[in-house]
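Participant: sequence? don't have it. structure:
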DNA sequence: CTTGCACTTGACCGATTAGTCAACTACTAT
DNA sequence: ATAGTAGTTGACTAATCGGTCAAGTGCAAG
């Protein structure tokens, strides 16, 4: 089981997929097992509970998200341009998901996190740490932007949290309106929170 | 049953309370009935299903929220000051809820809406219409601010949607971080989205 | 060959779920 | 008085839930 057990991995990715498209409560352990073509006994061999499986699934998925974020926020791009790349990647991932599953699904961390946070402290903490992870990407780009004289000094941790909130809210809208176009002005709104206008940022790109 | 049946009303308020504190999936019809001191037969006399009860509960609660929003966004206050009042009311309601129930609960429309939107079209549409309701308050304040020369002309519907996203994201943070202090800089961030700095808005207050 | 370990299997459990129903009560209009 | 209506009740169901378990399989090391 140590390195990469296929069954375990399949359960992890299947669970995340189903909970992303539906919810924690409406996805049963039987559903996950059926879709993963794994028997229930194996499920409980690898995970002590549905809640633990969910935490592990979030952890694994977050690693993949990090790989994407590392690209968008790569130091090879100018700091402010990184937000543009992030906004674009966000829009693309939501559009792609709607294409494959027929519905706009938003963000599983948010949906499942909100669903369980008052009842399951493990999941609440896992989602909290993921949110902090996003903020770290934002904040370091802002710090670097300041260092390069692109933005004035300020409380960048605070701005990062505001950007995180904005992005999460846009993902909420995406799912509720069932339309990825809710993300159309993500970039512009982020730059307003940062305190620069879009024209200025476009100039910085060229 | 016509005017105001007490049992029906009790069911509505109890359901919203429980789903706000927990979730749709983890609150059973039995839970609602027990807390409301109503027998299950009566529940299904008034509502054909748990889903219908939830839609009705949202509708009733939204009326009460509207009354609060009417105060904050009353024309008797300068247009931009209305956002400050809104931010304050938001912080107060979250703090009060955490005081009474022990946990930060965020917004039930968001939590339950995300939980069910891909599976229950009635609930998705109800939550969508509530979100549009919020945006209408924001947009009309922005239009009036423009009319009074406080902000330059622009696409205020778009800005209103961004404000809505920001506020929802902050409410997500409130629940996930289990801390109403996530709302501390709501006002400031809203004004950044509008495109004015806080000092200017404070000047407008005095 | 054999022991042991990692993993798999399917039958099983008690609890809980949303929803049903026929019988009942209490009030109101005629 | 009586008939009808609005609301109430608790026992009931069939399905599903998360979780358990003893008995297996297949493989690798000694």
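Facilitator: Nice, thanks for sending it over. Please read these numbers as outputs of a predicted model, since none were measured by experiment.
Participant: from the contact counts, what lies against the one helix or strand residue A:169 maps to?
Facilitator: Assigned by DSSP states H and E, residue A:169 falls within helix A:156-176. Here helix A:156-176 touches helix A:79-101, helix A:108-116, helix A:121-147, helix A:186-194, helix B:108-116, helix B:121-147, helix B:156-176, helix B:186-194, going by 3 or more Cβ pairs under 8 Å, 6 or more residues apart in numbering or on different chains; DSSP states H and E. Where C-beta positions appear, they are placed from N, C-alpha and C, glycine not excepted.
Participant: where does chain A have low pLDDT?
Facilitator: Low-confidence segments of chain A, defined by pLDDT under 70: A:1-3, A:198-206.
Participant: quick revisit: how far does the helix holding residue A:169 sit from the chain's center?
Facilitator: For helix A:156-176, the distance from its own C-alpha centre to the chain's C-alpha centre is 11 Å (Cα atoms, centre = their mean, to the nearest Å).
Participant: related to what we said a few turns ago, need the helices and strands packed on helix A:156-176 in CSV (columns: mean neighbour count and distance to DNA strand D).
Facilitator: Shown next, in CSV, are these (neighbours: other Cβ atoms under 10 Å in any protein chain shown; distance: least, Cβ to the nearest atom of the strand, whole Å):
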stretch, mean neighbour count, distance to DNA strand D
helix A:79-101, 18, 19
helix A:108-116, 26, 12
helix A:121-147, 19, 12
helix A:186-194, 22, 34
helix B:108-116, 26, 14
helix B:121-147, 18, 19
helix B:156-176, 25, 22
helix B:186-194, 22, 36
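Participant: can you redo those as JSON lines with distance to residue A:57?
Facilitator: As requested, the helices and strands packed on helix A:156-176 are exported to JSON lines (distance: least, Cβ to Cβ, whole Å):
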{"stretch": "helix A:79-101", "distance to residue A:57": "16"}
{"stretch": "helix A:108-116", "distance to residue A:57": "9"}
{"stretch": "helix A:121-147", "distance to residue A:57": "10"}
{"stretch": "helix A:186-194", "distance to residue A:57": "26"}
{"stretch": "helix B:108-116", "distance to residue A:57": "17"}
{"stretch": "helix B:121-147", "distance to residue A:57": "24"}
{"stretch": "helix B:156-176", "distance to residue A:57": "17"}
{"stretch": "helix B:186-194", "distance to residue A:57": "32"}
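Participant: looking at those, which is nearest to residue A:177?
Facilitator: Among the helices and strands packed on helix A:156-176, helix B:121-147 comes nearest to residue A:177, with 6.0 Å by Cβ to Cβ.
Participant: what angle sits between that closest one and helix B:79-101?
Facilitator: Per axes from the mean of the first three to the mean of the last three Cα atoms, to 10 degrees, the angle that helix B:121-147 makes with helix B:79-101 is 140 degrees.
Participant: anything in helix B:121-147 near DNA strand C?
Facilitator: No. Shown here: helix B:121-147 not in contact with DNA strand C (Cβ under 7 Å from any atom of the strand), separated by at least 12.0 Å.
Participant: which elements pack onto that helix?
Facilitator: For helix B:121-147, the packing partners by 3+ Cβ pairs under 8 Å, 6+ apart come out as helix A:156-176, helix B:50-72, helix B:79-101, helix B:108-116, helix B:156-176.
Participant: just the angle between the third one and helix B:186-194, please?
Facilitator: When you say that, I think you mean helix B:79-101. If you take the same axes, to 10 degrees, helix B:79-101 sits at 140 degrees to helix B:186-194.
Participant: and the angle for helix B:79-101 with helix B:50-72?
Facilitator: Using the same axes, to 10 degrees: helix B:79-101 against helix B:50-72 is 130 degrees.
Participant: do the same with the last one
Facilitator: Between the axis of helix B:156-176 and that of helix B:50-72 there is an angle of 110 degrees, by the same axes, to 10 degrees.
Participant: same thing with the shortest one?
Facilitator: Calculated by the same axes, to 10 degrees, helix B:108-116 forms an angle of 150 degrees with helix B:50-72.
Participant: tell me how many other residues surround residue A:195.
Facilitator: 13 (other Cβ atoms under 10 Å in any protein chain shown).
Participant: which residues touch it?
Facilitator: A:151, A:152, A:154, A:159, B:192 (Cβ atoms under 8 Å, 6 or more residues apart in numbering or on different chains).
Participant: if we use 7 Å, what do you get?
Facilitator: Shown in contact with residue A:195 (Cβ atoms under 7 Å, 6 or more residues apart in numbering or on different chains): A:151, B:192.
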